[in-house]
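Enquirer: return a 3D structure for these sequence lines:
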Amino acid sequence: SLGEAERAAAAGAEAILAAGHEGGGRVGEESTFVLLQRLLARIDAPVWAHGGIGLHTAAACAVGGAAGLVIDSQLALVRESTLPEEVRRAIAAMDGTETTLLAGRRVFTRPDLRLVEELRDAGPSSVDGALGGDDLRGRLVPAGQDAAFAGPLAERHVTAGGVVQALIRGTLAHVAAARECRPLAPGAPLAADHGTAYPVLQGPMTRVSDRAAFAESVAAAGGLPFLA
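Expert: Numbers count the residues shown, from 1 in each chain. Below is the predicted model:
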């Protein structure tokens, strides 16, 4: 959180990890990208982005001002991984929905994993004491939603070094493409297709955006409104 980051910076921390709620283990209440921007606006120390990092989101963190990226669950299936086979199989089958929050810690969950339910209402110390990646049933595996990237990344890039190099190449390629095509500029192709000033589509939100005044405000500001 911002408060934790400010206290850490005041205590002399050399860098801050923006651990968004997509990541594994102890995480914040906000998404990585929102938390990153919030911290960068108030913290002088370098801020690293942790949570939700993949081949197409690394560039957003870099352009957004992150000093670096943290990947962990994404490397669960690379050649160097020492995870037990049962844990590896569980992560390989993930699509990103198989996680839950326990006392602010994101862990892998499945209907047959009783420990998750036993600690559903436990406090932080109890959850922390049960964290571990070496036993799917006897421990809480701290896997983020981004663990769903582990299978495709390992299949395509094989090693931890291969994944890191792919993230670097992807970041450079995305930044170059954005600089050339300027997809978010006024009058960009998406905006032109929809008759709006900006290529911004307001996401439909039930009971939030289903209001005429809200839609009118989005349209007046140059975006394309949606009713849920």
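Enquirer: now stretch 70-84: buried residues?
Expert: 70-78, 81, 83 (16 or more other Cβ atoms under 10 Å). To be clear about C-beta, it is placed using only N, CA and C from the backbone, and glycine gets the same treatment.
Enquirer: neighbours around Val208, how many?
Expert: Applying other Cβ atoms under 10 Å, we find 10 residues neighbouring Val208.
Enquirer: how far away is it from Ala215?
Expert: Per Cβ to Cβ, to the nearest Å, Val208 is found 11 Å from Ala215.
Enquirer: now the longest helix anywhere in the chain, how far from the centre of its chain.
Expert: When the chain is parsed with DSSP state H, its longest helix is helix 160-181. Per Cα atoms, centre = their mean, to the nearest Å, the displacement of helix 160-181 from the mean C-alpha position of its chain is 17 Å.
Enquirer: again, but for stretch 90-97
Expert: Centre-to-centre, stretch 90-97 and its host chain are 15 Å apart (Cα atoms, centre = their mean).
Enquirer: mind listing what's buried along that stretch?
Expert: Across stretch 90-97, burial judged by 16+ other Cβ under 10 Å covers 90-92, 94.
Enquirer: will you turn the residues you listed into CSV that also has secondary structure?
Expert: Below are the buried residues of stretch 90-97 laid out as CSV (DSSP: H, G, I helix; E, B strand; the rest coil):
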residue, secondary structure
Ala90, helix
Ile91, helix
Ala92, helix
Met94, coil
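Enquirer: and which of those residues is nearest Ala197?
Expert: Checking those against Ala197 by Cβ to Cβ gives Met94 as the nearest, at 39.8 Å.
Enquirer: now the phi/psi pair for the closest one, please.
Expert: With angles defined as degrees, to the nearest 10, Met94 sits at phi -70, psi 150.
Enquirer: verify the stated contact: it with Pro152.
Expert: No - judged on Cβ atoms under 8 Å, Met94 makes no contact with Pro152 at a distance of 10.8 Å.
Enquirer: please name the nearest non-neighbouring residue to the one residue sitting closest to the centre of the chain.
Expert: With distances taken as Cα atoms, centre = their mean, Gly52 lies nearest the centre of the chain, 2.3 Å away. Among residues not flanking Gly52 along the chain, Glu22 sits closest, at 3.7 Å (Cβ to Cβ, 6 or more residues apart in numbering).
Enquirer: fine by me, thanks again.
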